[in-house]
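# The sequence and its predicted three-dimensional model are supplied below.
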Amino acid sequence: MKTFRPERTQRRRILRAFAALPIAGLPLTTLLGALARAHAEPAAVSDAALTAAAQILNVMDFEPLAKATLPPAHFAYLATGADDDQTVRLNHEAFSHYQIRSRRLIDVSHADLSTQVFGQPWTCPIYLSAVGSMRAFHPDGELAVARAAGAKSALMMLSTVATTSIEDAIAARGTPVWQQLYTTDDWSITQAIVRRAERAGSSAIVLTVDNLTGRNNETLERAKRVDTRDCAQCHVSDFAGYTRRKPMLAGLDLSHATELSPLNMSWDFFARLRGVVSGKLIIKGIVTAEDAALAVRHGADGIVVSNHGGRDEETLRPSIDCLPEVVAAVKRRVPVFVDGGIRRGTDVFKALALGATGVGIGRPYVWGLAAFGQSGVEAVIDLLTRELRQIMRQAGTPTIAAITPEHVIHG
Ligand SMILES: Cc1cc2nc3c(=O)[nH]c(=O)nc-3n(C[C@H](O)[C@H](O)[C@H](O)COP(=O)(O)O)c2cc1C
Ligand SMILES: CCCCC(=O)C(=O)O
(Lines give C-alpha, C1' and ligand atoms only; values in the text may rest on other atoms or scores of the structure.)
(Ligands and ions follow the chains in the order given, each with its own letter.)
Protein backbone atom coordinates (compact mmCIF):
# COMPACT_ATOMS: atom_id res chain seq x y z
CA MET A 1 0.00 0.00 0.00
CA LYS A 2 1.31 3.47 -0.88
CA THR A 3 2.19 5.49 2.21
CA PHE A 4 1.88 9.18 2.66
CA ARG A 5 4.11 11.38 4.79
CA PRO A 6 2.36 14.70 5.27
CA GLU A 7 4.45 17.75 4.34
CA ARG A 8 3.35 21.32 5.04
CA THR A 9 1.21 21.71 1.94
CA GLN A 10 -0.23 18.28 2.36
CA ARG A 11 -1.09 19.04 5.98
CA ARG A 12 -2.97 22.08 4.74
CA ARG A 13 -4.85 19.88 2.30
CA ILE A 14 -5.80 17.51 5.11
CA LEU A 15 -6.85 20.39 7.31
CA ARG A 16 -9.01 21.75 4.50
CA ALA A 17 -10.59 18.33 4.05
CA PHE A 18 -11.23 18.19 7.76
CA ALA A 19 -12.67 21.67 7.91
CA ALA A 20 -15.31 20.45 5.47
CA LEU A 21 -16.33 17.60 7.72
CA PRO A 22 -19.59 17.92 9.60
CA ILE A 23 -18.09 16.30 12.66
CA ALA A 24 -16.36 18.82 14.80
CA GLY A 25 -13.55 17.85 17.09
CA LEU A 26 -11.49 15.24 15.27
CA PRO A 27 -8.17 17.08 15.33
CA LEU A 28 -5.52 16.53 12.71
CA THR A 29 -3.13 15.07 15.25
CA THR A 30 -5.73 12.45 16.12
CA LEU A 31 -6.17 11.58 12.47
CA LEU A 32 -2.47 11.30 11.83
CA GLY A 33 -1.83 9.40 15.03
CA ALA A 34 -4.54 6.86 14.30
CA LEU A 35 -3.51 6.36 10.73
CA ALA A 36 0.17 6.18 11.60
CA ARG A 37 -0.59 3.43 14.11
CA ALA A 38 -2.26 1.48 11.35
CA HIS A 39 0.99 1.35 9.47
CA ALA A 40 3.29 1.13 12.47
CA GLU A 41 5.33 3.96 11.07
CA PRO A 42 5.31 7.40 12.72
CA ALA A 43 3.48 10.04 10.73
CA ALA A 44 3.07 7.78 7.72
CA VAL A 45 -0.42 7.14 6.51
CA SER A 46 -1.82 5.46 3.44
CA ASP A 47 -3.63 7.43 0.77
CA ALA A 48 -6.48 4.95 0.97
CA ALA A 49 -6.93 5.45 4.70
CA LEU A 50 -6.66 9.20 4.39
CA THR A 51 -9.26 9.25 1.66
CA ALA A 52 -11.57 7.17 3.79
CA ALA A 53 -11.07 9.56 6.72
CA ALA A 54 -11.84 12.59 4.62
CA GLN A 55 -15.15 11.10 3.54
CA ILE A 56 -16.75 10.68 6.93
CA LEU A 57 -20.32 11.88 6.68
CA ASN A 58 -22.07 9.20 8.70
CA VAL A 59 -21.14 6.39 11.06
CA MET A 60 -20.82 3.83 8.26
CA ASP A 61 -17.95 5.84 6.81
CA PHE A 62 -15.85 4.78 9.81
CA GLU A 63 -15.96 1.12 8.80
CA PRO A 64 -13.48 1.24 5.87
CA LEU A 65 -11.17 3.26 8.06
CA ALA A 66 -11.36 0.66 10.82
CA LYS A 67 -10.64 -1.98 8.19
CA ALA A 68 -7.59 -0.06 6.97
CA THR A 69 -6.38 0.29 10.55
CA LEU A 70 -6.88 -3.21 11.96
CA PRO A 71 -5.11 -6.52 11.35
CA PRO A 72 -7.36 -8.63 9.07
CA ALA A 73 -8.34 -11.16 11.75
CA HIS A 74 -9.25 -8.44 14.24
CA PHE A 75 -11.39 -6.73 11.64
CA ALA A 76 -13.04 -10.04 10.75
CA TYR A 77 -13.78 -10.67 14.44
CA LEU A 78 -15.45 -7.26 14.61
CA ALA A 79 -17.32 -7.22 11.34
CA THR A 80 -18.66 -10.66 10.78
CA GLY A 81 -21.23 -13.05 12.16
CA ALA A 82 -22.63 -16.56 11.92
CA ASP A 83 -22.68 -18.68 8.77
CA ASP A 84 -23.20 -16.39 5.75
CA ASP A 85 -23.49 -13.10 7.68
CA GLN A 86 -27.03 -12.66 6.41
CA THR A 87 -28.46 -11.80 9.83
CA VAL A 88 -25.70 -9.22 10.25
CA ARG A 89 -26.79 -7.55 7.02
CA LEU A 90 -30.54 -7.94 7.56
CA ASN A 91 -30.34 -6.32 11.00
CA HIS A 92 -29.65 -3.02 9.27
CA GLU A 93 -31.54 -3.57 6.03
CA ALA A 94 -34.76 -4.32 7.93
CA PHE A 95 -35.00 -0.70 9.04
CA SER A 96 -35.80 0.27 5.45
CA HIS A 97 -39.08 -1.69 5.72
CA TYR A 98 -40.30 0.76 8.34
CA GLN A 99 -41.32 4.20 7.20
CA ILE A 100 -41.73 7.33 9.27
CA ARG A 101 -45.10 9.11 9.45
CA SER A 102 -44.10 12.71 9.98
CA ARG A 103 -46.51 15.24 11.50
CA ARG A 104 -46.47 18.90 10.52
CA LEU A 105 -46.91 22.30 12.12
CA ILE A 106 -45.56 21.31 15.51
CA ASP A 107 -43.12 23.62 17.26
CA VAL A 108 -39.83 21.73 17.22
CA SER A 109 -37.52 24.63 17.93
CA HIS A 110 -36.43 22.89 21.13
CA ALA A 111 -35.63 19.25 20.36
CA ASP A 112 -35.01 17.49 23.66
CA LEU A 113 -33.30 14.09 23.39
CA SER A 114 -33.21 13.41 27.09
CA THR A 115 -35.06 10.51 28.65
CA GLN A 116 -35.28 8.50 31.87
CA VAL A 117 -34.23 4.91 32.42
CA PHE A 118 -34.86 3.27 35.80
CA GLY A 119 -35.56 6.73 37.14
CA GLN A 120 -32.14 7.98 36.04
CA PRO A 121 -31.73 10.81 33.53
CA TRP A 122 -30.10 9.93 30.19
CA THR A 123 -29.10 12.77 27.87
CA CYS A 124 -29.94 10.63 24.86
CA PRO A 125 -31.53 7.18 24.40
CA ILE A 126 -28.48 5.80 22.55
CA TYR A 127 -26.09 3.61 24.60
CA LEU A 128 -22.87 1.74 23.91
CA SER A 129 -23.56 -1.98 24.03
CA ALA A 130 -21.11 -4.56 25.37
CA VAL A 131 -18.17 -5.39 23.14
CA GLY A 132 -15.45 -7.69 24.40
CA SER A 133 -11.69 -7.48 23.79
CA MET A 134 -11.58 -3.84 22.84
CA ARG A 135 -7.81 -3.54 23.12
CA ALA A 136 -7.74 -5.62 19.96
CA PHE A 137 -9.18 -2.57 18.21
CA HIS A 138 -7.22 0.23 19.86
CA PRO A 139 -4.50 0.25 22.52
CA ASP A 140 -6.72 2.28 24.87
CA GLY A 141 -9.64 -0.14 24.37
CA GLU A 142 -12.48 0.20 26.84
CA LEU A 143 -10.78 3.12 28.58
CA ALA A 144 -11.13 5.25 25.45
CA VAL A 145 -14.75 4.15 25.12
CA ALA A 146 -15.47 4.91 28.77
CA ARG A 147 -13.93 8.37 28.45
CA ALA A 148 -15.99 9.04 25.33
CA ALA A 149 -19.11 7.76 27.11
CA GLY A 150 -18.33 10.12 30.00
CA ALA A 151 -17.72 13.09 27.70
CA LYS A 152 -21.01 12.48 25.90
CA SER A 153 -22.97 11.30 28.96
CA ALA A 154 -23.79 8.05 27.21
CA LEU A 155 -24.40 4.82 29.05
CA MET A 156 -21.75 2.14 28.58
CA MET A 157 -22.27 -1.58 29.05
CA LEU A 158 -18.99 -3.27 29.90
CA SER A 159 -18.39 -6.82 28.66
CA THR A 160 -17.33 -9.59 31.03
CA VAL A 161 -14.53 -10.28 28.54
CA ALA A 162 -13.45 -6.64 28.41
CA THR A 163 -9.75 -5.89 28.43
CA THR A 164 -10.32 -3.30 31.17
CA SER A 165 -11.70 -3.89 34.64
CA ILE A 166 -14.99 -2.41 35.77
CA GLU A 167 -13.19 -0.31 38.38
CA ASP A 168 -11.02 1.31 35.69
CA ALA A 169 -13.94 1.72 33.29
CA ILE A 170 -16.02 3.48 35.96
CA ALA A 171 -13.08 5.71 36.88
CA ALA A 172 -12.63 6.62 33.19
CA ARG A 173 -16.32 7.29 32.56
CA GLY A 174 -16.70 9.15 35.83
CA THR A 175 -20.03 7.46 36.55
CA PRO A 176 -21.09 3.80 36.76
CA VAL A 177 -21.32 1.52 33.77
CA TRP A 178 -23.60 -1.49 33.41
CA GLN A 179 -21.89 -4.88 33.74
CA GLN A 180 -22.66 -7.41 31.02
CA LEU A 181 -22.45 -10.95 32.34
CA TYR A 182 -21.13 -14.12 30.80
CA THR A 183 -21.75 -16.87 33.24
CA THR A 184 -19.30 -19.74 32.74
CA ASP A 185 -20.37 -23.18 33.92
CA ASP A 186 -19.04 -22.54 37.42
CA TRP A 187 -21.55 -20.74 39.67
CA SER A 188 -18.87 -19.37 41.98
CA ILE A 189 -17.40 -17.38 39.08
CA THR A 190 -20.79 -15.89 38.23
CA GLN A 191 -21.30 -14.89 41.82
CA ALA A 192 -17.84 -13.35 42.07
CA ILE A 193 -18.34 -11.23 38.94
CA VAL A 194 -21.72 -9.98 40.18
CA ARG A 195 -20.32 -9.13 43.62
CA ARG A 196 -17.34 -7.33 42.16
CA ALA A 197 -19.44 -5.33 39.68
CA GLU A 198 -21.91 -4.27 42.36
CA ARG A 199 -19.13 -3.37 44.76
CA ALA A 200 -17.57 -1.21 42.04
CA GLY A 201 -20.88 0.66 41.72
CA SER A 202 -22.49 -0.95 38.70
CA SER A 203 -26.24 -0.35 38.91
CA ALA A 204 -27.23 -3.12 36.49
CA ILE A 205 -26.14 -6.62 35.58
CA VAL A 206 -26.96 -7.57 31.99
CA LEU A 207 -27.10 -11.32 31.44
CA THR A 208 -26.43 -12.31 27.82
CA VAL A 209 -28.44 -15.36 26.82
CA ASP A 210 -28.04 -15.54 23.06
CA ASN A 211 -24.38 -16.45 22.71
CA LEU A 212 -24.18 -20.13 23.50
CA THR A 213 -20.74 -21.68 23.38
CA GLY A 214 -19.86 -22.92 19.88
CA ARG A 215 -20.74 -20.25 17.32
CA ASN A 216 -19.96 -20.84 13.65
CA ASN A 217 -18.05 -17.90 12.23
CA GLU A 218 -16.60 -19.00 8.91
CA THR A 219 -15.48 -15.55 7.76
CA LEU A 220 -13.34 -15.24 10.85
CA GLU A 221 -11.92 -18.74 10.38
CA ARG A 222 -10.93 -17.85 6.82
CA ALA A 223 -9.33 -14.58 7.96
CA LYS A 224 -7.32 -16.48 10.58
CA ARG A 225 -5.86 -18.74 7.89
CA VAL A 226 -4.40 -15.69 6.17
CA ASP A 227 -3.63 -13.57 9.23
CA THR A 228 -1.79 -16.07 11.39
CA ARG A 229 -0.44 -13.60 13.94
CA ASP A 230 -0.87 -14.69 17.52
CA CYS A 231 -3.75 -12.95 19.22
CA ALA A 232 -4.08 -12.81 22.97
CA GLN A 233 -7.19 -10.67 22.92
CA CYS A 234 -10.06 -11.37 20.65
CA HIS A 235 -10.12 -14.40 18.40
CA VAL A 236 -8.44 -17.13 20.41
CA SER A 237 -10.74 -20.07 19.98
CA ASP A 238 -10.35 -22.04 23.21
CA PHE A 239 -11.83 -21.06 26.59
CA ALA A 240 -8.50 -20.94 28.43
CA GLY A 241 -6.88 -18.71 25.82
CA TYR A 242 -9.83 -16.40 25.43
CA THR A 243 -10.32 -15.79 29.12
CA ARG A 244 -6.63 -15.59 30.07
CA ARG A 245 -6.12 -11.83 29.91
CA LYS A 246 -9.53 -10.60 30.91
CA PRO A 247 -9.42 -8.42 34.06
CA MET A 248 -12.96 -9.30 35.13
CA LEU A 249 -11.84 -12.93 35.36
CA ALA A 250 -8.43 -12.22 36.89
CA GLY A 251 -7.82 -13.88 40.22
CA LEU A 252 -10.72 -16.31 39.79
CA ASP A 253 -10.16 -20.03 39.72
CA LEU A 254 -11.23 -20.97 36.20
CA SER A 255 -10.04 -24.55 36.48
CA HIS A 256 -13.59 -25.89 36.89
CA ALA A 257 -15.05 -23.85 34.05
CA THR A 258 -14.93 -24.94 30.44
CA GLU A 259 -17.52 -22.70 28.79
CA LEU A 260 -18.20 -18.99 28.79
CA SER A 261 -21.88 -19.19 28.02
CA PRO A 262 -22.91 -22.71 28.97
CA LEU A 263 -25.24 -24.85 26.89
CA ASN A 264 -27.24 -25.90 29.96
CA MET A 265 -28.19 -22.38 31.04
CA SER A 266 -31.94 -22.32 31.80
CA TRP A 267 -34.62 -20.24 33.55
CA ASP A 268 -33.58 -21.97 36.79
CA PHE A 269 -30.20 -20.34 36.38
CA PHE A 270 -31.89 -16.99 35.80
CA ALA A 271 -33.97 -17.41 38.97
CA ARG A 272 -30.82 -18.24 40.95
CA LEU A 273 -29.07 -15.20 39.53
CA ARG A 274 -32.06 -13.03 40.45
CA GLY A 275 -31.47 -14.14 44.01
CA VAL A 276 -27.95 -12.70 44.12
CA VAL A 277 -28.29 -9.54 42.03
CA SER A 278 -29.29 -6.69 44.29
CA GLY A 279 -29.48 -3.97 41.61
CA LYS A 280 -31.23 -4.17 38.27
CA LEU A 281 -31.07 -7.45 36.37
CA ILE A 282 -31.48 -7.12 32.61
CA ILE A 283 -31.65 -9.97 30.13
CA LYS A 284 -29.97 -9.49 26.74
CA GLY A 285 -30.82 -11.54 23.69
CA ILE A 286 -34.60 -11.98 23.86
CA VAL A 287 -36.35 -12.17 20.47
CA THR A 288 -39.81 -13.59 21.16
CA ALA A 289 -42.97 -12.59 23.06
CA GLU A 290 -42.91 -15.94 24.89
CA ASP A 291 -39.44 -15.39 26.34
CA ALA A 292 -40.19 -11.75 27.11
CA ALA A 293 -43.18 -12.87 29.22
CA LEU A 294 -41.02 -15.50 30.95
CA ALA A 295 -38.31 -12.94 31.65
CA VAL A 296 -40.78 -10.60 33.36
CA ARG A 297 -42.25 -13.52 35.30
CA HIS A 298 -38.76 -14.45 36.50
CA GLY A 299 -38.12 -10.95 37.78
CA ALA A 300 -36.14 -9.31 34.98
CA ASP A 301 -35.98 -5.53 35.41
CA GLY A 302 -35.35 -4.91 31.73
CA ILE A 303 -35.11 -6.74 28.41
CA VAL A 304 -32.71 -6.21 25.52
CA VAL A 305 -34.10 -7.38 22.20
CA SER A 306 -30.97 -8.54 20.42
CA ASN A 307 -29.53 -11.27 18.24
CA HIS A 308 -26.00 -10.27 19.26
CA GLY A 309 -25.49 -8.34 16.05
CA GLY A 310 -26.00 -11.56 14.05
CA ARG A 311 -22.79 -12.99 15.47
CA ASP A 312 -24.11 -16.18 17.00
CA GLU A 313 -26.92 -17.66 14.97
CA GLU A 314 -28.12 -17.20 11.42
CA THR A 315 -31.81 -16.69 12.18
CA LEU A 316 -32.47 -14.21 9.37
CA ARG A 317 -34.77 -12.41 11.78
CA PRO A 318 -33.64 -8.82 12.28
CA SER A 319 -33.87 -7.58 15.84
CA ILE A 320 -36.02 -4.58 14.87
CA ASP A 321 -38.64 -7.07 13.61
CA CYS A 322 -38.59 -8.83 16.99
CA LEU A 323 -39.12 -5.62 18.95
CA PRO A 324 -42.90 -5.14 18.47
CA GLU A 325 -43.89 -8.56 19.81
CA VAL A 326 -41.62 -8.18 22.83
CA VAL A 327 -42.99 -4.72 23.57
CA ALA A 328 -46.55 -6.07 23.30
CA ALA A 329 -45.79 -8.98 25.66
CA VAL A 330 -44.05 -6.80 28.24
CA LYS A 331 -46.98 -4.38 28.48
CA ARG A 332 -44.83 -1.56 29.89
CA ARG A 333 -43.97 -3.53 33.04
CA VAL A 334 -40.22 -3.14 32.40
CA PRO A 335 -38.20 -1.12 29.89
CA VAL A 336 -37.34 -2.78 26.59
CA PHE A 337 -34.05 -1.99 24.85
CA VAL A 338 -32.96 -3.03 21.37
CA ASP A 339 -29.69 -3.35 19.46
CA GLY A 340 -28.56 -4.67 16.09
CA GLY A 341 -27.97 -2.84 12.83
CA ILE A 342 -28.54 0.68 14.17
CA ARG A 343 -26.57 2.94 11.85
CA ARG A 344 -28.72 6.06 11.43
CA GLY A 345 -30.63 8.50 13.58
CA THR A 346 -33.74 7.37 11.71
CA ASP A 347 -33.05 3.78 12.87
CA VAL A 348 -32.98 5.03 16.46
CA PHE A 349 -36.20 6.97 15.86
CA LYS A 350 -37.97 3.92 14.43
CA ALA A 351 -36.88 1.74 17.35
CA LEU A 352 -38.18 4.34 19.81
CA ALA A 353 -41.46 4.58 17.90
CA LEU A 354 -41.79 0.80 18.10
CA GLY A 355 -41.52 0.98 21.88
CA ALA A 356 -37.83 0.85 22.82
CA THR A 357 -36.72 2.85 25.85
CA GLY A 358 -33.06 2.77 24.85
CA VAL A 359 -31.20 1.84 21.69
CA GLY A 360 -27.79 0.11 21.69
CA ILE A 361 -24.98 0.30 19.19
CA GLY A 362 -22.08 -2.15 18.88
CA ARG A 363 -19.89 -2.12 15.77
CA PRO A 364 -20.31 1.59 14.85
CA TYR A 365 -18.57 2.91 17.94
CA VAL A 366 -15.84 0.28 17.61
CA TRP A 367 -15.18 1.47 14.04
CA GLY A 368 -14.74 4.95 15.51
CA LEU A 369 -12.51 3.55 18.25
CA ALA A 370 -10.32 1.63 15.80
CA ALA A 371 -9.86 4.67 13.60
CA PHE A 372 -9.44 7.48 16.13
CA GLY A 373 -9.64 6.18 19.68
CA GLN A 374 -11.77 8.24 22.06
CA SER A 375 -12.44 11.00 19.50
CA GLY A 376 -13.77 8.48 17.03
CA VAL A 377 -16.22 7.07 19.58
CA GLU A 378 -17.35 10.59 20.43
CA ALA A 379 -17.78 11.39 16.74
CA VAL A 380 -19.99 8.32 16.27
CA ILE A 381 -22.19 9.35 19.20
CA ASP A 382 -22.32 12.93 17.86
CA LEU A 383 -23.30 11.83 14.36
CA LEU A 384 -26.11 9.57 15.54
CA THR A 385 -27.35 12.17 18.01
CA ARG A 386 -27.35 14.86 15.34
CA GLU A 387 -29.25 12.62 12.95
CA LEU A 388 -31.76 11.71 15.65
CA ARG A 389 -32.37 15.37 16.48
CA GLN A 390 -32.87 16.09 12.79
CA ILE A 391 -35.50 13.39 12.25
CA MET A 392 -37.25 14.29 15.51
CA ARG A 393 -37.69 17.81 14.14
CA GLN A 394 -38.79 16.60 10.72
CA ALA A 395 -41.29 14.17 12.21
CA GLY A 396 -42.80 16.76 14.56
CA THR A 397 -41.63 15.07 17.76
CA PRO A 398 -39.79 17.58 19.94
CA THR A 399 -39.26 15.11 22.80
CA ILE A 400 -38.49 11.39 23.11
CA ALA A 401 -41.87 10.88 24.81
CA ALA A 402 -43.56 12.42 21.77
CA ILE A 403 -42.29 9.58 19.55
CA THR A 404 -45.12 7.04 19.42
CA PRO A 405 -46.18 4.01 17.34
CA GLU A 406 -48.20 6.38 15.13
CA HIS A 407 -44.91 7.75 13.83
CA VAL A 408 -43.88 4.53 12.12
CA ILE A 409 -45.52 2.15 9.69
CA HIS A 410 -44.31 -1.20 8.34
CA GLY A 411 -44.60 -1.25 4.57
C1 LIG B 1 -16.71 -7.44 18.42
C2 LIG B 1 -17.96 -7.60 19.21
C3 LIG B 1 -17.89 -8.11 20.49
C4 LIG B 1 -19.05 -8.26 21.24
N5 LIG B 1 -18.94 -8.70 22.53
C6 LIG B 1 -20.06 -8.83 23.28
C7 LIG B 1 -19.97 -9.21 24.63
O8 LIG B 1 -18.89 -9.43 25.17
N9 LIG B 1 -21.13 -9.37 25.32
C10 LIG B 1 -22.35 -9.14 24.76
O11 LIG B 1 -23.37 -9.31 25.41
N12 LIG B 1 -22.46 -8.71 23.49
C13 LIG B 1 -21.34 -8.55 22.73
N14 LIG B 1 -21.47 -8.11 21.45
C15 LIG B 1 -22.80 -7.80 20.90
C16 LIG B 1 -23.18 -6.32 21.12
O17 LIG B 1 -23.36 -6.05 22.48
C18 LIG B 1 -24.46 -5.96 20.38
O19 LIG B 1 -25.49 -6.84 20.77
C20 LIG B 1 -24.31 -5.97 18.86
O21 LIG B 1 -23.02 -5.60 18.46
C22 LIG B 1 -25.32 -5.00 18.25
O23 LIG B 1 -25.27 -5.05 16.87
P24 LIG B 1 -24.46 -4.00 15.95
O25 LIG B 1 -23.02 -4.37 16.06
O26 LIG B 1 -25.03 -4.23 14.60
O27 LIG B 1 -24.73 -2.60 16.47
C28 LIG B 1 -20.31 -7.93 20.69
C29 LIG B 1 -20.38 -7.39 19.41
C30 LIG B 1 -19.21 -7.22 18.67
C31 LIG B 1 -19.33 -6.61 17.28
C1 LIG C 1 -17.30 -15.75 23.43
C2 LIG C 1 -17.54 -14.44 22.83
C3 LIG C 1 -17.41 -13.32 23.79
C4 LIG C 1 -17.50 -11.96 23.16
C5 LIG C 1 -18.74 -11.78 22.38
O6 LIG C 1 -19.82 -11.73 22.90
C7 LIG C 1 -18.67 -11.62 20.93
O8 LIG C 1 -17.58 -11.71 20.36
O9 LIG C 1 -19.73 -11.41 20.31
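Okay, I see it. Residues are numbered from 1 along each chain as shown. Ligands and ions are numbered 1, 2, ... in the order given.

# contacting residues for residue 108?
392, 393, 396, 397, 398 (CB atoms under 8 Å, 6 or more residues apart in numbering). Heads up, the C-betas are built off the backbone N, CA and C, glycines and all.

# Now neighbour count too, for the residues you listed, in CSV please.
Formatted as CSV, these follow (neighbours: other CB atoms under 10 Å):
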residue, neighbour count
392, 24
393, 16
396, 17
397, 23
398, 19
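
# I'd like these written out as TSV, with distance to ligand 1 and pLDDT added.
As requested, the contacts of residue 108 are exported to TSV (distance: CB to the nearest ligand atom, whole Å; pLDDT from 0 to 100):
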residue	distance to ligand 1	pLDDT
392	21	98
393	25	98
396	28	98
397	23	98
398	27	98
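
# Can you pick out the ones from the residues you listed that are in helices?
Those of the contacts of residue 108 mapping onto helices are 392, 393, per DSSP state H.

# ok, so of the contacts of residue 108, who is nearest ligand 2?
Top of the list for closeness to ligand 2, among the contacts of residue 108 and by CB to the nearest ligand atom, is residue 392 at 31.1 Å.

# I figured that closest one was touching residue 110, is that so?
No: using CB atoms under 8 Å, residue 392 is not in contact with residue 110; the gap is 10.6 Å.

# what touches both of the two?
Common neighbours of residue 392 and residue 110 (CB under 8 Å, 6+ apart) are residue 398.

# At which residues are the strands of the stretch 101-250 of the chain located?
Assigned by DSSP state E, counting those that start in this stretch, the stretch 101-250 of the chain shows strands spanning 115-117, 120-122, 126-128, 157-158, 178-181, 204-208.

# What is the last one packed up against?
With contacts taken as 3 or more CB pairs under 8 Å, 6 or more residues apart in numbering; DSSP states H and E, strand 204-208 sits against strand 178-181, helix 187-200, helix 267-276, strand 280-286.

# Can you lay out these as TSV showing mean pLDDT?
Output for those, formatted as TSV (pLDDT from 0 to 100):
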stretch	mean pLDDT
strand 178-181	98
helix 187-200	97
helix 267-276	98
strand 280-286	98
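
# Could you work out which of the ones you listed reaches nearest to residue 372?
Closest approach to residue 372 among the helices and strands packed on strand 204-208 is made by strand 178-181 (24.2 Å; CB to CB).

# For residue 314, list the residues it contacts.
81, 82, 83, 84, 86, 87.

# CSV for the residues you listed, including distance to residue 376?
Listed next are the contacts of residue 314 as CSV, based on distance: CB to CB, whole Å:
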residue, distance to residue 376
81, 22
82, 27
83, 30
84, 29
86, 28
87, 26
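
# out of these, which one sits closest to ligand 2?
Among the contacts of residue 314, and counting by CB to the nearest ligand atom, the member closest to ligand 2 is residue 81, at 8.8 Å.

# still on that earlier bit, arrange the strands of the stretch 101-250 of the chain in TSV, one row each, with mean neighbour count as further columns.
TSV is the format used below for those (neighbours: other CB under 10 Å):
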stretch	mean neighbour count
strand 115-117	16
strand 120-122	13
strand 126-128	26
strand 157-158	29
strand 178-181	27
strand 204-208	25
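
# Ligand 1 contacts on the chain?
Applying CB under 6 Å from any ligand atom, we find that the chain lies next to ligand 1 at 77-78, 91, 129-132, 159, 161, 180, 208, 284, 306, 308-309, 311, 339-342, 361-363.
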